[in-house]
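1. Need a 3D model of the following:
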Amino acid sequence: MSDDDDQTKKDFDEAVNMTASELKRWLDTDESKSVGQKKNGGESTGHESGRHIVRILEKKKADLTDDDYAHMRKVVGYVKRHSAQKPDGDITDTDWRYSLMNWGSDPKK
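-> Numbers count the residues shown, from 1 in each chain. Predicted structure coming up:
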């Protein structure tokens, strides 16, 4: 494993604050499925990402693939960009929070 992969894993672990089981439960909700950009009316990009994040979280570090590390970098970038767009007021029931949660990051934690 390279130093870059080590940093990617560290950044991912900081960005993703939901466990695999929390994220699985979340992805099954109507709220989770209601947000995000959908390709041809199908699954949203964030929802698909969430399923990949669950697979990453369930793996041992030694079993992570190059594709996993690429996705981890994508997750870190999304969480940083989206977090910077925090709306004013209570965020509990907002599309903004739901989108972040699809990517494994609950801003209320």
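
2. can you give me phi and psi for residue 44?
-> Main-chain dihedrals, residue 44, degrees, to the nearest 10: phi -70, psi 160.

3. Need the pLDDT of it.
-> pLDDT for residue 44: 92.

4. ok, it - how many residues close by?
-> Residue 44 has 18 neighbouring residues, counting by other C-beta atoms under 10 Å. Heads up, the C-betas are built off the backbone N, CA and C, glycines and all.

5. quick one: contacts for it?
-> Each residue near residue 44 by C-beta atoms under 8 Å, 6 or more residues apart in numbering is listed here: 33, 35, 36, 37, 38, 102.

6. is it in a bridge, and if so with what?
-> Bridge pairing for residue 44 (DSSP bridges) gives the partners residue 38.

7. Make 58 the starting number, not 1.
-> Sounds good: first residue 58 from here, last item residue 101.

8. Give the buried residues for stretch 112-127.
-> Neighbour counts over stretch 112-127 (16 or more other C-beta atoms under 10 Å) mark 113, 114, 121, 125, 126 as buried.

9. among those residues, which are in strands?
-> In strands, judged by DSSP state E, none of the buried residues of stretch 112-127 are found.

10. Make a markdown table out of those residues and add pLDDT and distance to residue 165.
-> Formatted as a markdown table, the buried residues of stretch 112-127 follow (pLDDT from 0 to 100; distance: C-beta to C-beta, whole Å):
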| residue | pLDDT | distance to residue 165 |
| --- | --- | --- |
| 113 | 98 | 22 |
| 114 | 98 | 19 |
| 121 | 97 | 28 |
| 125 | 98 | 27 |
| 126 | 97 | 28 |
